[in-house]
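Chemist: here are the coordinates; sequence isn't available:
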C-alpha cells in the first residue's frame, strides 16, 4: 500500500476513534442516569410491563455499547498495526491484504481468502 493511501485510511481511522470514544462517553453518561432511575430511587412501584420494558431497554443499551467498544478496539488495533508496519499483512497467513479490501474495511485483519475460510467454517 502506498503512503498516500495509508495516510488517508489513517485519517479515517483516527476520526472514527474520536467518534467512537465520544459515543462511549455519552453511553456511559446515559447509563449512569438510567441506573439511578432503575435503582428504585422513585417513590412509586412500576407496573411489571414497565419493568420488563426498562430491562429490555437496558439490555439493548448494553449490547449497543459492547458493539461500539468492539469497534473501538478494532480501530485501535488497526492503528497499532500501521505503527508496527504490519497493517496490510493477514494475521492468519501473513500474505498481503489487498488495498481494495483495506479501503473498504479499514479494520480488516484477514485477507479475503482467510476471511472466506473463516466464514465457511
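Modeler: Nice, I can see it. Just so we're clear, the structure is a prediction, and the values are computed from it rather than from any experiment.
Chemist: quick one, helices of the protein?
Modeler: Ranges of helices in the chain, per DSSP state H, are 3-38, 48-84, 99-104, 112-120.
Chemist: Put together JSON lines for these, with mean pLDDT on each row.
Modeler: JSON lines is the format used below for these (pLDDT from 0 to 100):
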{"stretch": "helix 3-38", "mean pLDDT": "87"}
{"stretch": "helix 48-84", "mean pLDDT": "89"}
{"stretch": "helix 99-104", "mean pLDDT": "96"}
{"stretch": "helix 112-120", "mean pLDDT": "96"}
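Chemist: which residues sit in contact with the nearest residue to residue 65 once chain neighbours are set aside?
Modeler: Using Cβ to Cβ, 6 or more residues apart in numbering and skipping residues adjacent in sequence, the residue nearest residue 65 is residue 27, 4.8 Å away. (C-beta placed from N, C-alpha, C; glycine too.) Going by Cβ atoms under 8 Å, 6 or more residues apart in numbering, residue 27 touches 61, 64, 65, 68.
Chemist: what do you get if the cut-off is 10 Å, keeping everything else the same?
Modeler: Residue 27 makes contacts with 61, 62, 64, 65, 68, 69, as judged by Cβ atoms under 10 Å, 6 or more residues apart in numbering.
Chemist: From residue 98, how far off is the last one?
Modeler: So the one you mean is residue 69. 28 Å (Cβ to Cβ, to the nearest Å).
Chemist: now swap in the fifth one and tell me
Modeler: Here residue 68 is placed at a distance of 27 Å from residue 98 (Cβ to Cβ).
Chemist: any idea which residue sits dead centre in the chain?
Modeler: residue 71 (1.2 Å; Cα atoms, centre = their mean).
Chemist: pretty sure it is touching residue 23, no?
Modeler: Yes: Residue 71 lies in contact with residue 23 (Cβ atoms under 10 Å); the separation is 9.1 Å.
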